[in-house]
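In: Provided below for reference: sequence and predicted model.
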2 protein chains.
Amino acid sequence: MPHAWHLKSRPHGMPTAENFEYKETALPALGDGMVHVRNHYLSVDPYMRGRMNDVKSYVPPFQIGEPLEGGAVGEVVESKSPDFQPGDKVLHMMGWRDEAVIPAQALNKLPAISGIEIKDFLGNLGLTGGTAYWGLLDAAQAKEGDIVFVSAAAGAVGSAVVQIAKAKGMTVIGSAGGADKCAFVKELGADAVIDYKSGTSLVKALGEVAPKGIDVYFDNVGGEHLDAALAHGRKDARFAICGMIDGYNSGEPTSLRYIMRVIAMRMMLKGFIYTDYLPRNAEFFADMGQLVATGKVKSRETVMEGLEKTPDAFLGLFSGANTGKMLVKL
Amino acid sequence: MPHAWHLKSRPHGMPTAENFEYKETALPALGDGMVHVRNHYLSVDPYMRGRMNDVKSYVPPFQIGEPLEGGAVGEVVESKSPDFQPGDKVLHMMGWRDEAVIPAQALNKLPAISGIEIKDFLGNLGLTGGTAYWGLLDAAQAKEGDIVFVSAAAGAVGSAVVQIAKAKGMTVIGSAGGADKCAFVKELGADAVIDYKSGTSLVKALGEVAPKGIDVYFDNVGGEHLDAALAHGRKDARFAICGMIDGYNSGEPTSLRYIMRVIAMRMMLKGFIYTDYLPRNAEFFADMGQLVATGKVKSRETVMEGLEKTPDAFLGLFSGANTGKMLVKL
C-alpha cells in the first residue's frame, strides 16, 4: 500500500514532527491521460515552511489532512498517456510520498545526459541550481570581477552560488555555521568563509574579509546577515533576495541597522522566484549543464533514506543538519 | 560684514540650535576666475543632517568651526571671470551665508524662463524636483496606471512626486502628518491620503486605501512607512528609496515585519541619489520645465525670512514645520 506524509496541524514558529502524519493512501484508478509513478528521490526545501502557513503566497498553502507536496523524481510504472512509457524518468511536484497517480501534463520527462543522475534534476539542474543561477546572474546581475557575499553557503542553493560565482570569475565570500561547513565552503572554492556561529558580529567579520566592501549579496538567511551585507555594500551593490530562513519560524521582525546605506550607495535589493525563469530553462540547461558536466559545479547532498525520514530531513533544514542539498532516497 | 552659519558641534540624535554658530566671515580678495555672489534664497534639506555626522558618505561631512554648505541662488555682484557679469543669476552650493566668493566653475548660470522664478531652481527645477522626478520615473520605473504610495507627501520632494505621478496618469496615495497637510496633499491631486499621526497602524490604513496593493513606493521616511509598503507591495512592486528621515536622528535600527514579502512578490528596492542624474539635466528641464510651466507641477514653499533663521528652518524639517519646500529668503 502506498504511503504519504500529511499535514496534521499548522506550526506556530518552528515546525515539529507533531505537525506531520504518516498514512496509507489509496491511489485513484488510472484514468485516461494519467500516469502511475514510483518516486526515487524527494526534495525537501525551506520554502515548504511557508506553505505550512495558511497564507496566500506564490504557492498555495498545504491543507490540513492532505498530503504534502514537493519536488520529486521517479520512474513511470504504468501509463495511460501516449507521452509516457513505463521506465521513463520523470520530475514532478508529488513529493512526500512513495507513489502517485499524476496527470501527464504535470510530469516532466528527464533527458538522459551523460554524467547526470536523476537526482541532479532536484539539485543543480533543478530548483536548487536554477535558484542559484538566476538569482546570482539575473536578479543580482553579478558579473566577472564582482565581490560576492553568499549566506548559508554550505546549503543547497548557497553551495551552487559559490561554485557558479567562482566559475564566472568572481571573488566569493561565504558564510556557514561551524568549522566543518566552513571547510566545505572553502573546498567549493570560496575565497573566504565566515563562521556565523563563531560569536563575533557578522558586520565586523564581513568587514575584515571584505575591506573594500561587496558588490553582490545573495541572501538565503535575512536578519543579521542581510544587515551585515547592507553595512558593507559598496556603490551600486546588488542584492538577490532568495530566502530569509532566519525569519521563517521566529515571527520576529527583521531589525536592520544599516538599511539607510541603500541610499548613499545606490544599492538595489531584488526578490526573485525560480519558477519565473522556467521559460528560460533551455538557456539554463545549456550553461549550467556545461558547468555540471565539466565538474565546475559539483553537487553535494545530504541524503536520508526511507520515506519515513522525510519530516526529519525537512526539519533538519532549520537546524543546519544538511551540507548541500537535502534529499530523501526511497 | 558678511555672515555665515558655522558648525559648532556635531549632534547626537536630533540636532539643536546649539550645534550652530552665527559668525562674521571675511571674504577673500577677489582673485582671477573668482566671482562675488550675494545670495537671495538658501535651501535647507534633510540630507544635510547626514553631513553633520563625521561619516564618509556621498557628500563629505561638514567640519567643526567651518561654515555649513547647501544649495543657494543669488546674483553676481562682482566678477573676475569672463563667464559671469554683475546681475547674472546663479545657483551654487555656498548656502548658509549671505555672501560668498566662489570659483566660476562652481557656479551655474540660471536661464531666464518665462514663469520660472530663481527660487524654483532650488525647488521643482533643482534638487527637490529632480529627486522626485528621477526617483519616481527611473529608480522606481513608475508608469501610467501604476498605484503609487508616497510618504511625506506634503514635504518638498513628496509634493513634487504626487504632482508628477498624477501628471503621468498614475493613482497616488500620499501620507502626511495632520489634517492640514493631508488637505494640502489632496489639493495636489492625490487620490487618497493617510494621516500618519491619526494613531491607526499604517499597515492597516494603507490596506484600506489600496485594497489591491501598490506598484510603486517612493520612500522619504523609512521605518513604519517602509514596512507598510512592504506589506502591500504587489507582484513586481518597485520602491525608490530616497530618504529615511525617521532614522536620521533616532539611531535606532529599522524594524521590518514584512521584508520577507520582497521574495514572494519579486519586489525591488532601489536607493538613488539626485546628483547621479545631473548628466540628464537637459531631459529633466525639457519634461519637468513643461510640467512646471503648464502648472501641472506647482511649487509650494515654506519661506523663513532672514539669514539668522536658517537653523530654525533646517530644524523645522524634522518637526514637520514645512509644507512643501523649506527655503530661507535673504
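Out: Perfect, I can see it now. Residues are numbered from 1 along each chain as shown, chains lettered A, B, ... in the order given.
In: and the residue nearest to A:L107 when sequence neighbours are not counted, how many neighbours does it have?
Out: Of all residues beyond its chain neighbours, the one nearest A:L107 is A:V90 (4.6 Å), with distances taken as Cβ to Cβ, 6 or more residues apart in numbering or on different chains. C-betas here are computed from N, CA, C, even on glycine. If you count neighbours by other Cβ atoms under 10 Å in any protein chain shown, A:V90 ends up with 23.
In: list the contacts for A:V90?
Out: A:35, A:37, A:73-76, A:84, A:107-110 (Cβ atoms under 8 Å, 6 or more residues apart in numbering or on different chains).
In: Can you go through those and name the buried ones?
Out: Among those, those classed as buried by 16 or more other Cβ atoms under 10 Å in any protein chain shown are A:35, A:37, A:73-74, A:76, A:84, A:107, A:110.
In: Now secondary structure too, for those residues, in CSV please.
Out: Formatted as CSV, these follow (DSSP: H, G, I helix; E, B strand; the rest coil):
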residue, secondary structure
A:V35, strand
A:V37, strand
A:V73, strand
A:G74, strand
A:V76, strand
A:F84, coil
A:L107, coil
A:L110, coil
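In: A:L206 is in contact with A:A228, isn't it?
Out: Yes. Assessed by Cβ atoms under 8 Å, A:L206 is found in contact with A:A228 at 4.7 Å.
In: next helix or strand past the lowest-mean-pLDDT helix or strand in chain A?
Out: Here the helix or strand of chain A ranked lowest by mean pLDDT, DSSP states H and E is helix A:245-250, holding a mean of 71. Per DSSP states H and E, the first helix or strand lying C-terminal to helix A:245-250 is strand A:254-256.
In: Could you tell me which ranges of the stretch 101-250 of chain A sit under the pLDDT cut-off?
Out: Within the stretch 101-250 of chain A, the ranges that satisfy pLDDT under 70 run A:247-250.
In: Can you tell me which residue is spatially central in chain A?
Out: Centroid check for chain A by Cα atoms, centre = their mean gives A:T128 as the closest residue, at 4.2 Å.
In: Now do the contacts for it.
Out: A:43, A:45, A:122, A:156-157, A:160, A:325 are the contacts of A:T128 under Cβ under 8 Å, 6+ apart.
In: run the last query once more with 10 Å
Out: A:43, A:45, A:71, A:120-122, A:155-160, A:274, A:299, A:301, A:324-327 (Cβ atoms under 10 Å, 6 or more residues apart in numbering or on different chains).
In: a helix runs through it, doesn't it?
Out: Yes. Applying three-state DSSP, one finds A:T128 inside a helix.
In: Now it: closest residue in space, sequence neighbours ignored.
Out: That would be A:A156: by Cβ to Cβ, 6+ apart, it lies 4.5 Å from A:T128.
In: circling back: so can I have CSV of the buried ones among the contacts of A:V90 showing distance to A:M265?
Out: What follows is these, written out as CSV (distance: Cβ to Cβ, whole Å):
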residue, distance to A:M265
A:V35, 52
A:V37, 49
A:V73, 42
A:G74, 47
A:V76, 52
A:F84, 52
A:L107, 46
A:L110, 43
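In: what's the closest of those to B:H6?
Out: Proximity of these to B:H6 (Cβ to Cβ) peaks at A:V73, which lies at 71.1 Å.
In: isn't that closest one right next to A:L91, touching?
Out: Yes. Contact criterion Cβ atoms under 10 Å: A:V73 and A:L91 qualify, at 5.2 Å.
In: So for those two, which residues contact both of them?
Out: In contact with both A:V73 and A:L91: A:41, A:43, A:108, A:110, A:118, A:121-122, A:126, using Cβ under 10 Å, 6+ apart.
In: among those residues, which ones are buried?
Out: A:41, A:43, A:110, A:118, A:121-122, A:126.
In: In strands, which of those fall?
Out: Mapping the buried ones among the shared contacts of A:V73 and A:L91 onto strands (DSSP state E) picks out A:41, A:43.
In: how about the buried ones among the shared contacts of A:V73 and A:L91, which pair is most distant?
Out: Spanning the widest gap among the buried ones among the shared contacts of A:V73 and A:L91 are A:S43 and A:L110, at 13.9 Å by Cβ to Cβ.
In: Now the common contact residues for the two.
Out: A:73, A:91, A:121, A:126.
In: Which phi and psi values does the closest residue to the second one other than its chain neighbours adopt?
Out: With sequence-adjacent residues excluded and distances taken as Cβ to Cβ, 6+ apart, A:L91 is closest to A:N108, at 4.4 Å. Main-chain dihedrals, A:N108, degrees, to the nearest 10: phi -120, psi 120.
In: what does A:V162 give?
Out: According to degrees, to the nearest 10, A:V162 has phi -50, psi -50.
In: how much space is there between it and B:F20?
Out: 51 Å (Cβ to Cβ, to the nearest Å).
In: For those two, work out which one has more neighbours and name it.
Out: More neighbours surround A:V162 than the other of A:V162 and B:F20, with 32 against 22 (other Cβ under 10 Å).
In: Report how many residues lie close to the closest residue to A:E24 other than its chain neighbours.
Out: Once flanking residues are discounted, A:E24 sits nearest to A:M1: 4.7 Å by Cβ to Cβ, 6+ apart. Using other Cβ under 10 Å, the number of residues around A:M1 comes to 9.
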